[in-house]
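Trainee: this is the structure alone, sequence omitted:
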């Protein structure tokens, strides 16, 4: 019999406590829809007792008509020395109209004495009264036993007493929290195993990642009997983050055979992870397991030669199961098989013996010698290969560009770009301002192209990196510019190299847009579904 594990997502609450993460109400509503489509069981939307933004979210989330997830509000147990019925935070949970609430209380005697400065007996009463009050009003209650593992290691009998009080009051779930993130997997396993003999209430796990064990601890808890896992998309959260659901879900489903979400929902995992990172304006690590762009990337020639025969030689799962894809990188370490793979991927007959192929290989080697790096610029490499085989239609050609940068006293620097390009035989000229010369160039080029290619609004520049290749030449040194672009569904990278940073940036920007519009005629592009565009990242 396959066991079921429920996913409790707290990206919109605990995830926003991470450094650099800030979500508007609109952002939270968009992410909530994505989480629901992924199939999570609970979406913790925020703490309505703490700020007006979270209150607005709960008032508006009903408009989304979510199909899978139960929207959950977060709060704490009643204050010491008060009645639960009179506690403003508990009443706020009722006022926002949710059907489920997660409330936390203290499990560690040290925290009881030091943090809330009350007696152990009063803390037990606070837990019982709060859970009882919410249950009496018809809510499903998840009791988060804060600092439970540290409390258990300090005073196991009292830690157990706190969750028993929650159970006595009618809690539907008891989530054991490794709040400081310092517990090891073998400890989690032993403690959860013991808890399962002491309480009959279903158990959840809420792990933090301070020892980089958030995922491991969550899996250990499930294997010991927990049936709910709390975490965040991409591991966002305070300090080192929360347990990363993007790794937990496929590990549970593909490795441990738990029933978590459907196969179709699992296949959307990569797009959901990248969507959330875009909305949160957080760059997703390329080596993030399962969903990173490098998760199934291969560079060494021997590896590539092997996966051409059977991908399981160097891949632990089929990347399509989580919505990702296999990638082969071309670099100075790569063998001829890497280029063969890339050509096959594009449906090209890559004969290493013909003159066309030899010329391409020599071109790539020459460009690498100049400073180009294709292992981080797949899109530029694909354009090169397609061009060599006559499969690249020139969407636009540059006639000229000019950049003006000016500053007056007590005013910010203003950058303006003037771009002239030829599009389908027509000379198009436009100017635009931007936050820096690269942003201005990007804006001006888009203005030149958007009449012919309106869907260009769907893509945006996601990251921009500059590296000096030879610092001995100081300001005259050659630079390499890497540009990453995205359209919510996918991302791609391009490269430019020059002794002039603006020229290198133009190369990368132009290739990025060429790749986005690859193999699409203007008429076809106008029929594409228009998605809400994001603003350009400023550089």
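Mentor: Cool, the structure landed. Note that this is a predicted model, so its numbers are computed, not measured.

Trainee: so which strand or helix has residue 440?
Mentor: helix 437-449 (DSSP states H and E).

Trainee: beyond that helix, next helix or strand please.
Mentor: Helix 437-449 is succeeded, C-terminally, by strand 460-468 (DSSP H and E).

Trainee: mind listing what that next one pairs with, with the direction of each?
Mentor: The strands that strand 460-468 pairs with in its sheet are strand 479-486 (antiparallel) (by DSSP bridges).

Trainee: run the chain-centre distance for the strand it pairs with.
Mentor: 20 Å (CA atoms, centre = their mean, to the nearest Å).

Trainee: and the angle from the next helix or strand after that strand to strand 479-486?
Mentor: As assigned by DSSP H and E, the chain's next helix or strand after strand 479-486 is strand 491-498. Using axes from the mean of the first three to the mean of the last three CA atoms, to 10 degrees, the inter-axis angle of strand 491-498 relative to strand 479-486 is 160 degrees.

Trainee: what residues does strand 491-498 touch?
Mentor: Outside of strand 491-498, the residues within contact range by CB atoms under 8 Å, 6 or more residues apart in numbering are 274, 293, 367, 370-374, 376-380, 462, 469, 478-486, 503-509, 511-512, 515-516. The C-beta positions use only the backbone N, C-alpha and C, and glycine is treated the same way.

Trainee: in strands only, show me those.
Mentor: 462, 479, 480, 481, 482, 483, 484, 485, 486 (DSSP state E).

Trainee: nearest spatial neighbour of the fourth one, skipping sequence neighbours?
Mentor: This means residue 481. Nearest residue to residue 481, sequence neighbours excluded (CB to CB, 6 or more residues apart in numbering): residue 504, at 4.2 Å.

Trainee: that neighbour - how many residues pack around it?
Mentor: 24 (other CB atoms under 10 Å).

Trainee: again with residue 345
Mentor: Neighbours around residue 345, by other CB under 10 Å: 16.

Trainee: wait, isn't residue 36 in contact with residue 71?
Mentor: No - in this structure residue 36 lies outside contact range of residue 71 using CB atoms under 8 Å: 9.2 Å.

Trainee: list residues touching both of these two?
Mentor: In contact with both residue 36 and residue 71: residue 43, using CB under 8 Å, 6+ apart.

Trainee: who has more neighbours, these two?
Mentor: Neighbour count, other CB under 10 Å: between residue 36 and residue 71, residue 71 has more, with 23 against 20.

Trainee: wait, a strand at the more buried one?
Mentor: Yes - counting by DSSP: H, G, I helix; E, B strand; the rest coil, one finds residue 71 located in a strand.

Trainee: residue contacts, it?
Mentor: Contacts of residue 71 (CB under 8 Å, 6+ apart): 32, 42, 43, 45, 58, 61, 98, 99, 100.

Trainee: list the contacts of the last one.
Mentor: Taking CB under 8 Å, 6+ apart as the contact definition, residue 100 lies against 42, 70, 71, 72, 73, 139, 140, 141, 142.

Trainee: now do the fourth one
Mentor: Residues in contact with residue 45, defined by CB under 8 Å, 6+ apart, are 12-13, 28, 32, 54, 57-58, 61, 71-74, 98.

Trainee: equivalent analysis for the fifth one, please.
Mentor: With contacts defined as CB under 8 Å, 6+ apart, residue 58 is in contact with 45, 46, 48, 71, 73, 96, 97, 98.

Trainee: again, only this time at 6 Å
Mentor: Counting by CB atoms under 6 Å, 6 or more residues apart in numbering, residue 58 touches 45, 48, 96.

Trainee: which of those residues fall within strands?
Mentor: The strands, defined by DSSP E, take in residue 45 from these.

Trainee: which among the contacts of residue 58 gets closest to residue 248?
Mentor: Nearest to residue 248 out of these is residue 45 (CB to CB; 20.2 Å).

Trainee: now that closest one: how far from residue 27?
Mentor: According to CB to CB, to the nearest Å, residue 45 stands 12 Å off from residue 27.

Trainee: all helices for the stretch 251-400 of the chain, in order.
Mentor: Along the stretch 251-400 of the chain, counting by DSSP state H, counting those that start in this stretch, helices occupy 263-266, 269-279, 301-309, 336-345, 355-370, 378-388.

Trainee: residue 114: which of those helices is closest?
Mentor: So among the helices of the stretch 251-400 of the chain, helix 269-279 is nearest, using CB to CB, at 35.4 Å.

Trainee: pLDDT-wise, which helix or strand of this protein ranks last?
Mentor: The least trusted helix or strand in the chain, going by mean pLDDT, DSSP states H and E, turns out to be helix 522-526, with a mean of 47.

Trainee: okay, now the unreliable bits of the chain?
Mentor: Scanning the chain for pLDDT under 70 picks out the ranges 1-2, 300-301, 329-338, 346, 349-353, 375, 471-476, 488, 519-539.

Trainee: follow-up on the earlier one: from the contacts of residue 45, which would you call buried?
Mentor: Buried subset of those (neighbour count, 16 or more other CB atoms under 10 Å): 12-13, 28, 32, 54, 57-58, 61, 71-74, 98.

Trainee: could you dump these into JSON lines with secondary structure and distance to residue 221 added?
Mentor: Output for these, formatted as JSON lines (DSSP: H, G, I helix; E, B strand; the rest coil; distance: CB to CB, whole Å):
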{"residue": "12", "secondary structure": "coil", "distance to residue 221": "22"}
{"residue": "13", "secondary structure": "coil", "distance to residue 221": "20"}
{"residue": "28", "secondary structure": "helix", "distance to residue 221": "27"}
{"residue": "32", "secondary structure": "helix", "distance to residue 221": "26"}
{"residue": "54", "secondary structure": "helix", "distance to residue 221": "28"}
{"residue": "57", "secondary structure": "helix", "distance to residue 221": "29"}
{"residue": "58", "secondary structure": "helix", "distance to residue 221": "29"}
{"residue": "61", "secondary structure": "helix", "distance to residue 221": "29"}
{"residue": "71", "secondary structure": "strand", "distance to residue 221": "24"}
{"residue": "72", "secondary structure": "strand", "distance to residue 221": "19"}
{"residue": "73", "secondary structure": "strand", "distance to residue 221": "24"}
{"residue": "74", "secondary structure": "strand", "distance to residue 221": "20"}
{"residue": "98", "secondary structure": "coil", "distance to residue 221": "25"}
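
Trainee: could you dump those to TSV with distance to residue 421?
Mentor: Formatted as TSV, the buried ones among the contacts of residue 45 follow (distance: CB to CB, whole Å):
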residue	distance to residue 421
12	42
13	47
28	39
32	41
54	47
57	43
58	48
61	45
71	48
72	51
73	52
74	52
98	53
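
Trainee: buried subset of the contacts of strand 491-498, written for PyMOL?
Mentor: To isolate the buried subset of the contacts of strand 491-498 in PyMOL, counting by 16+ other CB under 10 Å, use the following:
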select buried, resi 274+293+367+371+372+373+374+376+377+378+379+380+462+478+479+480+481+482+483+484+485+486+504+505+506+507+508+509+511+512+515+516
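
Trainee: neighbours around residue 264, how many?
Mentor: Considering only other CB under 10 Å, residue 264 is surrounded by 10 other residues.

Trainee: distance of it relative to residue 319?
Mentor: Distance, residue 264 to residue 319, by CB to CB: 16 Å.

Trainee: and residue 24, by the same measure?
Mentor: Using CB to CB, we find residue 24 at a distance of 33 Å from residue 319.

Trainee: quick one, what contacts residue 215?
Mentor: Counting by CB under 6 Å, 6+ apart, residue 215 touches 243, 244, 247, 248.

Trainee: now it, nearest residue through space, not along the chain?
Mentor: Once flanking residues are discounted, residue 215 sits nearest to residue 247: 4.8 Å by CB to CB, 6+ apart.

Trainee: was I right to think the one you found contacts residue 289?
Mentor: Yes - with contacts counted by CB atoms under 6 Å, residue 247 reaches residue 289, the gap being 5.1 Å.
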